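Enquirer: give me the fold of what follows.
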Amino acid sequence: MRRTRNAKIVATLGPASSDKDIVRGLFMAGVDVFRLNFSHGSADDHRARFAVLRELEQETGRPIGILADLQGPKLRVGVFADGPVMLVEGQPFRLDLNEAPGNGQRARLPHPEIFAALVPGAELLLDDGKLRLEVVSCGPDFAETRVMVGGKLSERKGVNVPGVVLPITALTEKDRRDLALALELGADWIALSFVQRPEDVSEARALIGDRASIVSKLEKPSAIERLDEIVALSDAVMVARGDLGVELPAERVPAIQKRIIRSARRFGKPVIVATQMLESMIDSPVPTRAEASDVATAIYDGADAVMLSAESASGKFPIEAVKMMNRIIEQVEGDPQYRQLIDASHTSARPGGDVAEAVCCAMRRAVTLLQAAAIVCYTSSGHTSLRAARERPESPILSLTPDIGVARRLALAWGVHSVHIGNVSDVDQMTETACEVARSEKFAAAGQTIVAIAGMPFGTPGTTNLIRIATV
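Expert: A predicted model of the protein is given here:
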């Protein structure tokens with residue numbers, strides 16, 4: 001079973017999409033990677049969804065990626081004595097560590113790390129940025145603020161602190177418990193929420209090791225300031241436009257999205273564009289034209305994947321949303337201008353690059369000259385296939401690996417059709433296997449040309465050094 005597109009679809013499972021038949025319908029409609037949102041649901045919920053996905057994988061014979069998305073540090077105000085309060089522009093409002101319920105003059109903010117980082121003049125955003133406060137004075141356990149944008153404030157609403165690097169880890173105690181569960185179940189990707197600095201990725205790497213790959217969610221301005229460092233340490237990144245659009249002016253988000261995609265492509269790391277892509281399809285069977293254009297823009301920019309959140313997790317039309325996203329991607333990739341834009345945005349290798357880069361550059365050129373039916377990558381770690389995907393070649397990438405975990409992780413990468421096979425021992429066997437699988441998976445017919453790349457000796461990660469041209 002192969003997709004007829006290069007960009008991938010990530011869909012979130014939730015109350016509307018936990019039934020096995022619905023999950024199968026989502027997969028058949030085009031989902032490549034399923035996201036489990038650990039901000040919601042119990043351990044039993046996640047176990048049940050893992051079981052359904054692995055059973056579906058067995059039934060279809062196609063590797064399915066599972067992304068476990070950790071909640072991250074959620075900063076919230078406390079409760080109020082008499083229900084929601086109204087904040088009026090210009091009035092003072094105090095935030096402190098006092099455990100007493102809040103009122104119209106103050107609220108509890110049970111996060112001393114916020115007070116430790118605040119300075120006069122800093123802004124606090126409440127309830128997804130609907131309310132804005134300016135810090136007038138502050139101490140280790142309080143902040144006196146002035147309401148800049150007022151409105152109704154309910155208990156436990158979220159707090160954002162733009163422009164301030166908070167002295168908190170990206171992994172809370174809840175995240176550590178959820179991470180242990182996700183790794184126990186066999187998650188392929190772990191998404192880190194609210195990454196602020198490269199050290200957050202390194203901390204997670206020390207806990208995860210090579211048991212799963214890391215997706216850094218870029219939703220803090222401080223992360224954008226150190227973008228290349230974070231991308232270099234991550235296995236993939238996500239343009240998490242929800243909180244990014246809260247902490248930054250909305251008009252800046254499109255340019256930052258393009259900047260993140262360019263950085264990820266330069267480093268050869270998969271990049272996911274997420275949040276509100278087909279938001280109206282939570283309640284409607286069709287998207288707005290603006291939403292369709294939003295998805296298309298991410299594909300034209302060269303994103304590896306686009307993601308559905310509430311649309312598939314809790315919406316009324318989860319399968320229809322996936323089908324719509326699939327059609328938009330196919331339409332874009334069928335546009336002659338798409339290939340022109342992808343080629344124009346290609347980052348050429350620079351002198352001083354490594355052997356793998358040289359091999360993949362040669363592969364890209366050979367595919368164009370020979371009009372090869374497919375590129376076949378034999379990989380033990382996924383490194384060769386990711387290098388090939390970075391080139392955004394004209395022909396599809398057929399990735400062969402003896403490691404089922406690698407096959408599942410590569411489900412996220414642009415243009416990669418991943419197949420789990422046995423080991424090969426020499427170049428002749430690799431070439432024969434490449435031709436057989438290309439034919440059986442309907443990537444090439446007898447007499448067509450394929451370009452195969454691999455690393456020698458076989459089974460050694462990061463050694464891409466071989467290119468072989470063969471006729472099926």
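Enquirer: list the helices and strands the helix or strand hosting Ile450 packs on?
Expert: Using DSSP states H and E, Ile450 maps to strand 449-455. When contacts are defined as 3 or more C-beta pairs under 8 Å, 6 or more residues apart in numbering; DSSP states H and E, strand 449-455 sits against helix 355-370, strand 374-378, helix 383-390, helix 427-440, strand 464-471. Placement of C-beta: from N, CA and C, glycine included.
Enquirer: what angle do that strand and strand 374-378 make?
Expert: Compare the direction of strand 449-455 with that of strand 374-378 by axes from the mean of the first three to the mean of the last three C-alpha atoms, to 10 degrees and you get 20 degrees.
Enquirer: for strand 449-455, which strands pair with it and how are they oriented?
Expert: Sheet pairing of strand 449-455 (DSSP bridges) gives strand 374-378 (parallel), strand 464-471 (antiparallel).
Enquirer: which SS class is Ile22?
Expert: helix (DSSP: H, G, I helix; E, B strand; the rest coil).
Enquirer: residues touching it, list them.
Expert: Counting by C-beta atoms under 8 Å, 6 or more residues apart in numbering, Ile22 makes contact with 16, 318-319.
Enquirer: what's next to stretch 193-208, contact-wise?
Expert: Taking C-beta under 8 Å, 6+ apart as the rule, stretch 193-208 contacts 69-73, 165-166, 169-171, 176, 179, 183, 190, 192, 214, 216-220, 222-223, 226, 229-230, 232-234, 240, 243.
Enquirer: hmm, I typed the wrong one, I wanted stretch 233-242.
Expert: Against stretch 233-242 from outside (C-beta under 8 Å, 6+ apart): 128, 189, 191, 193, 198, 201-202, 205, 213-219, 230-231, 253, 256-257, 260-261, 263-264, 269-276, 303-304, 307, 409, 412.
Enquirer: and the residues you listed, which of them are buried?
Expert: Buried members of these, counted by 16 or more other C-beta atoms under 10 Å: 189, 191, 193, 198, 201, 205, 213-219, 230-231, 256-257, 260-261, 263-264, 269-275, 303-304, 307, 409, 412.
Enquirer: the stretch 101-250 of the chain: strands as residue ranges?
Expert: Assigned by DSSP state E, counting those that start in this stretch, the stretch 101-250 of the chain shows strands spanning 106-108, 123-126, 131-139, 142-149, 151-153, 159-160, 189-192, 213-218, 236-240.
Enquirer: now the helix or strand that contains Leu95 against strand 131-139, angle please.
Expert: Using DSSP H and E, Leu95 sits within strand 92-96. Angle between the axes of strand 92-96 and strand 131-139 is 60 degrees (criterion: the same axes, to 10 degrees).
Enquirer: report the distance from strand 92-96 to the chain centre.
Expert: 36 Å (C-alpha atoms, centre = their mean, to the nearest Å).
Enquirer: list the buried residues for that strand?
Expert: Within strand 92-96, the residues that count as buried by 16+ other C-beta under 10 Å are 93, 95-96.
Enquirer: out of those, flag the one nearest to Val33.
Expert: Leu95 (39.2 Å; C-beta to C-beta).
Enquirer: grab the nearest non-local neighbour of that closest one.
Expert: Leu109 (4.2 Å; C-beta to C-beta, 6 or more residues apart in numbering).
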